[in-house]
Structures are given as C-alpha cells and as structure tokens.
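A.B. asks: fold the following and give me the result.
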Amino acid sequence: MALAATVGVIIIVFNVVPAWLSDNTLEKILLKGELVVLTRNNPTTYYEGPDGPAGLEYDLAKLLADELGVKLRMVVAQNLSQVLAGVENGVAHFAAAGLTITADRKEFFRFGPAYQQISEQLVYNLNNPRPRSLDDLNGTFEVVAYSSHNETLVRLKKQHPTLNWKENDELESEDLLQLVADEVLDYTVVDSNEFMLNQRFMLNLRVAFDIGEPEQLGWLFPRSEDSSLYDRVTEFFKKIRASGELTRLIERTYGHTKDFDYVGTLIFRRHVAQRLPAYQDFFENAARENTLDWRLLAAMGYQESHWDPKAVSATGVRGIMMLTQRTAADLGVKNRLKPESSIMGGAAYFASILQRIPADIGEPDRTWMALAAYNIGYGHLEDARVITEQRGKDPHRWFDVKQSLPLLAKRKWYKNTKHGYARGWEPLQYVENIRSYYDILRWLDDTQVKKINTPEAFSILPQVP
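C.D. replies: This next block holds a predicted model:
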C-alpha cells in the first residue's frame with residue numbers, strides 16, 4: 001500500500017474510533033503491522049525450501065502482506081480439522097491451505113475468490129488391478145478427515161451403496177499416498193495438483209479416475225459482518241489475475257511437473273542408486289566451495305551427462321558437467337574427464353553465472369535463469385530478457401523469459417539481438433528437467449518438505465486481536 005494511503009487509514013482510525021475498539025479487521029491488521037494466516041505443511045501450500053519458506057499459498061499470502069505493507073506470520077495446523085477450527089475460533093485472519101470450495105463448507109465459512117482449479121482423483125497402486133468405477137473398489141480405502149474428498153464420497157454413496165471408506169484424522173494426503181505406494185492401503189483420494197507433485201516420487205501410483213467434476217480452491221474466512229479484509233482480498237486476486245502474477249506463481253509450483261516422463265524418472269531413480277554414490281562427495285564439496293546446493297549441482301550433472309564421466313557430445317563438450325574446452329581452460333580444469341575436476345569446474349562456472357544475474361531478480365527465478373544461461377550462454381539469456389521487455393512482459397520473471405527464449409531461433413527477433421541466433425527451445429527443457437531431478441533428490445534426501453515447528457502449540461495459540 002502506498003504511503004499516502006496508509007497515512008489516510010491512520011487518520012481515519014484516530015479521527016473516528018480507536019483501532020482497538022474497531023470492528024474493522026483490515027484497520028487492525030494495518031495498525032498492528034501483521035497478517036496472520038493459517039496453513040498446512042505440504043508441497044502445495046507451505047514448506048521450508050532451500051531458500052526459506054515456499055509453496056503456492058505462502059507465495060500468495062506473502063504477496064498480499066507485502067501489498068498491505070505488513071509482516072506475514074504463517075501458523076501451521078497439524079491437520080485439516082485444526083484448519084477449520086482455527087478459522088472458526090479466530091486463530092488467524094484466514095486460512096490459505098489448499099481448501100476446496102464446497103457447498104458444505106460454505107454453510108459455515110466464507111470463501112475468497114477461486115484461484116486454482118483441481119480435480120479429485122482416486123489413486124491406486126499399479127501392482128493391483130485398476131478399478132474402473134467406485135463399484136469396483138475392493139480393499140482398504142482412506143481419505144483425510146474433514147476433507148472435501150469425504151464430502152464428495154458421502155454424496156456418491158447414494159448412487160454407490162456398497163462404497164465404504166475410512167476418514168483418517170492423523171495423516172495428510174501426501175501421507176496417504178505413501179501408504180498406497182507402500183501397499184498398506186489400496187486406495188485414497190487426492191487433489192490433482194497434489195498427485196502431480198508427488199507422482200515423481202512414488203512411481204508405482206496411478207490415477208484410476210476422477211470422482212467428480214472439477215473443483216475450485218479458495219482462501220477460507222470466518223463468517224462476519226465485517227468484510228473489510230475479505231473485500232481487500234477480492235481486489236487483490238482481481239489485480240494479480242489481470243497482471244498475470246497469479247499464473248506466474250502457479251507455474252512456479254507446477255510448471256515443471258506437467259510433462260511427467262515415467263520411464264525417464266524411473267531411469268533417473270536407478271542411476272541415483274547406482275551412479276550417484278560415487279560422485280556425491282564431489283558434488284557436496286563443490287557446493288560448499290561455491291555456496292550452492294549440492295543436489296542442484298547433481299541434478300545439473302545428470303542432465304548434462306547422466307553422471308557419466310566419459311560422456312562426450314557431438315559438439316565436443318565433455319565430462320560430467322559437459323564443459324567446453326575454452327571454459328575448462330578458463331577455470332583451470334586440466335582434465336575434463338576427471339569427475340572431481342569437472343564437477344568443481346562446473347560448480348564454479350555456474351556460481352559465476354549466478355552472480356551475473358541482476359541482483360533485483362528474486363529466487364527461484366534467479367536460479368532458473370542462471371541454469372538457462374549455463375546451457376545457452378549468458379549473452380543469449382540477456383537477449384531473451386530484452387525480447388521479453390519488448391513484448392511487454394517482465395524480464396525479471398522466469399515464466400515470461402522462458403516464453404521469449406524460443407524466439408531466439410526466429411529471424412524476426414534474433415536479427416535485432418546482440419548475440420544473434422540461438423536454439424532457444426533447448427534451455428526450456430534443460431531447466432524443467434533439472435527442476436524435476438532437483439525435486440526428486442531433495443525428496444530422497446528427506447528435505448523436500450521439512451516439518452515446520454511453530455513457536456507455540458496450536459491449542460494454546462491466542463486469538464488474533
């Protein structure tokens with residue numbers, strides 16, 4: 001919020017009624033300087049990433065808090081039941097927790113604008129027969145308690161009288177997916193966005209079918225006569241939808257998971273077990289030397305060479321990190337086929353590119369652009385950023401820049417660039433592949449979703465004043 005607008009609010013507050021006596025939630029947030037948001041800890045909502053808090057719900061809530069000019073405090077509930085109870089009891093101003101807008105919930109709560117469409121999907125283990133309908137289910141079937149999935153199944157039971165399932169009030173959807181993968185459960189239901197993120201980690205899971213029509217996700221607000229914050233959030237979503245920022249944030253979370261390659265992922269997982277152990281220490285050492293994440297370096301190395309130290313491309317680049325002869329010489333790498341030297345050289349080269357990316361480009365866009373530059377050259381990346389600006393898009397956003405990269409192969413565009421023609425479509429797949437490999441390595445390293453411990457137990461959190 002602009003300074004003038006903020007001052008205007010303060011003048012109104014003190015000229016009309018003390019803020020602590022006001023029923024205007026937005027005024028209270030602005031005066032206290034804090035927005036409190038209830039969420040869940042999982043990959044689609046809020047988790048601790050390598051660069052700090054992450055997740056689509058966090059990104060959206062942080063964007064709102066920044067626009068209001070206040071601090072964001074995320075409160076993590078242990079389960080869905082606590083999310084619903086927390087909103088009802090005033091633990092937070094609203095919940096941003098990947099919640100489906102349903103008729104049952106709307107009887108007790110108020111939903112903000114829909115921001116993402118999902119489908120509810122029945123998931124099974126491919127080692128078992130695929131069910132063709134709900135009447136084919138024969139085995140253990142659990143869903144998250146108080147979830148929209150349970151509401152849908154309750155409705156469907158009228159048409160499928162033999163349908164039976166259990167509500168689990170201790171586990172999240174990701175945990176139930178793992179139980180199906182481990183053949184402890186036969187079936188569960190998850191949202192399509194949750195399955196999209198997790199299918200790379202649990203390769204024996206499959207979607208049998210959607211159990212209903214597409215649904216919408218929205219933020220959850222308590223029912224109240226005061227609509228000040230609700231109205232402000234409605235304006236916020238209208239603005240970021242029109243600007244394209246909402247699309248950018250959704251792509252940041254899910255863009256690299258849309259084209260799932262089962263065979264490629266299976267081979268990668270096999271190579272993680274068979275090849276990576278011989279080189280992991282080299283990746284870790286190189287990462288420490290250059291202040292990088294070793295798993296990102298390892299993902300780059302796999303994309304470059306499948307961790308084959310003797311790899312040689314048709315253009316003459318060699319080794320695990322596929323260094324050109326000139327780059328290797330500049331870095332002091334005497335033998336590109338020596339794994340330790342190649343990895344250390346590749347790490348140093350990538351770190352130097354990362355430092356050249358403009359400082360006002362935030363993460364993770366900064367890293368994705370540096371990866372593209374590692375593949376296509378820093379000059380061509382800058383050309384693509386110039387084209388992005390010429391097209392009226394944001395050269396600081398990977399989502400916009402990656403759409404401009406293929407234009408480097410079109411004469412209409414490259415003839416006016418500083419560095420000319422480039423195979424601009426190649427860095428797109430390069431970056432998306434590395435993002436997927438990186439996600440898998442983080443998951444295997446048991447750090448993709450760290451459990452976030454709140455400073456206070458949920459049960460004793462004070463109500464928001």
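A.B. asks: what sits up against stretch 347-364?
C.D. replies: Residues from elsewhere that reach stretch 347-364, judged by C-beta atoms under 8 Å, 6 or more residues apart in numbering: 51, 252, 286-287, 289-292, 297, 300, 321, 323, 327, 331, 366-367, 369-371, 373-374, 378, 396, 398. Just so you know, the C-beta spots here come from the backbone N, C-alpha and C atoms, and that holds for glycine as well.
A.B. asks: so of the residues you listed, which ones are in helices?
C.D. replies: Counted as lying in helices by DSSP state H, out of these, are 252, 286-287, 289-290, 297, 300, 327, 331, 366-367, 369-371, 373-374, 378, 398.
A.B. asks: domain-wise, how is this protein divided?
C.D. replies: Domain segmentation of the chain under automatic domain parsing yields 3-117+217-257+454-460, 120-213, 262-305+347-444.
A.B. asks: please state the offset of stretch 168-183 from the chain centre?
C.D. replies: 20 Å (C-alpha atoms, centre = their mean, to the nearest Å).
A.B. asks: how about that stretch as CSV, C-alpha atoms only?
C.D. replies: Extracted C-alpha coordinates of stretch 168-183, given in CSV (Å, rounded to 0.1, in the frame of the first residue of the first chain):
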residue,chain,number,x,y,z
ASN,A,168,-8.1,-40.6,8.8
ASP,A,169,-7.7,-37.7,11.2
GLU,A,170,-4.0,-38.1,11.7
LEU,A,171,-2.5,-38.1,8.2
GLU,A,172,-2.4,-35.7,5.3
SER,A,173,-3.0,-36.6,1.6
GLU,A,174,0.7,-37.0,1.0
ASP,A,175,1.0,-39.5,3.8
LEU,A,176,-2.0,-41.5,2.5
LEU,A,177,-0.3,-41.5,-1.0
GLN,A,178,2.8,-43.0,0.6
LEU,A,179,0.7,-45.7,2.3
VAL,A,180,-0.8,-46.6,-1.1
ALA,A,181,2.6,-46.7,-2.6
ASP,A,182,3.8,-49.0,0.2
GLU,A,183,0.7,-51.2,-0.4
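A.B. asks: how about the nearest residue to the residue nearest the centre of the chain, chain neighbours excluded?
C.D. replies: By C-alpha atoms, centre = their mean, the mean C-alpha position of the chain lies nearest to residue 253, the distance being 2.9 Å. Excluding its sequence neighbours, the residue lying closest to residue 253 (C-beta to C-beta, 6 or more residues apart in numbering) is residue 56, at 4.6 Å.
A.B. asks: what's the one helix or strand residue 207 maps to packed up against?
C.D. replies: Following DSSP states H and E, one finds residue 207 within strand 205-210. Contact here means 3 or more C-beta pairs under 8 Å, 6 or more residues apart in numbering; DSSP states H and E; on that basis strand 205-210 packs against strand 120-125, helix 173-181, helix 192-198.
A.B. asks: if we go to 7 Å?
C.D. replies: strand 120-125, helix 173-181 (3 or more C-beta pairs under 7 Å, 6 or more residues apart in numbering; DSSP states H and E).
A.B. asks: let's have those in TSV, adding mean neighbour count.
C.D. replies: Shown next, in TSV, are the helices and strands packed on strand 205-210 (neighbours: other C-beta atoms under 10 Å):
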stretch	mean neighbour count
strand 120-125	22
helix 173-181	20
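A.B. asks: what number of residues lie near residue 425?
C.D. replies: Counted with other C-beta atoms under 10 Å, the neighbours of residue 425 add up to 15.
A.B. asks: tell me the predicted confidence for the residue nearest to residue 317 when sequence neighbours are not counted.
C.D. replies: Once flanking residues are discounted, residue 317 sits nearest to residue 324: 5.2 Å by C-beta to C-beta, 6+ apart. Looking at residue 324, its pLDDT stands at 86.
A.B. asks: residue 324 contacts residue 313, doesn't it?
C.D. replies: No: with contacts defined as C-beta atoms under 7 Å, residue 324 does not count as touching residue 313, sitting 9.7 Å away.
A.B. asks: these two: which has the busier surroundings?
C.D. replies: Remark: of residue 324 and residue 313, residue 324 carries more neighbours, 15 against 11, as counted by other C-beta under 10 Å.
A.B. asks: list phi and psi for that one.
C.D. replies: Backbone torsions of residue 324, given as degrees, to the nearest 10, read phi -70, psi 160.
A.B. asks: what's the answer for residue 186, then?
C.D. replies: phi -90, psi -30.
A.B. asks: that one: neighbour count?
C.D. replies: Count around residue 186 with other C-beta under 10 Å applied: 18.
A.B. asks: list the contacts for it?
C.D. replies: Shown here is residue 186, whose contacts under the criterion C-beta atoms under 7 Å, 6 or more residues apart in numbering are 124, 128, 139-141.
A.B. asks: can you pull out the strands in the protein?
C.D. replies: Counting by DSSP state E, the segments of the chain that form strands are 34-39, 47-49, 52-54, 71-76, 94-100, 109-111, 116-118, 120-125, 142-144, 166-168, 187-191, 205-210, 215-222.
A.B. asks: now these in JSON lines, with distance to residue 174 and mean pLDDT?
C.D. replies: Shown next, in JSON lines, are the strands of the chain (distance: least, C-beta to C-beta, whole Å; pLDDT from 0 to 100):
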{"stretch": "strand 34-39", "distance to residue 174": "14", "mean pLDDT": "96"}
{"stretch": "strand 47-49", "distance to residue 174": "10", "mean pLDDT": "82"}
{"stretch": "strand 52-54", "distance to residue 174": "15", "mean pLDDT": "86"}
{"stretch": "strand 71-76", "distance to residue 174": "14", "mean pLDDT": "95"}
{"stretch": "strand 94-100", "distance to residue 174": "11", "mean pLDDT": "96"}
{"stretch": "strand 109-111", "distance to residue 174": "23", "mean pLDDT": "96"}
{"stretch": "strand 116-118", "distance to residue 174": "15", "mean pLDDT": "95"}
{"stretch": "strand 120-125", "distance to residue 174": "11", "mean pLDDT": "97"}
{"stretch": "strand 142-144", "distance to residue 174": "10", "mean pLDDT": "96"}
{"stretch": "strand 166-168", "distance to residue 174": "12", "mean pLDDT": "96"}
{"stretch": "strand 187-191", "distance to residue 174": "8", "mean pLDDT": "97"}
{"stretch": "strand 205-210", "distance to residue 174": "11", "mean pLDDT": "96"}
{"stretch": "strand 215-222", "distance to residue 174": "16", "mean pLDDT": "96"}
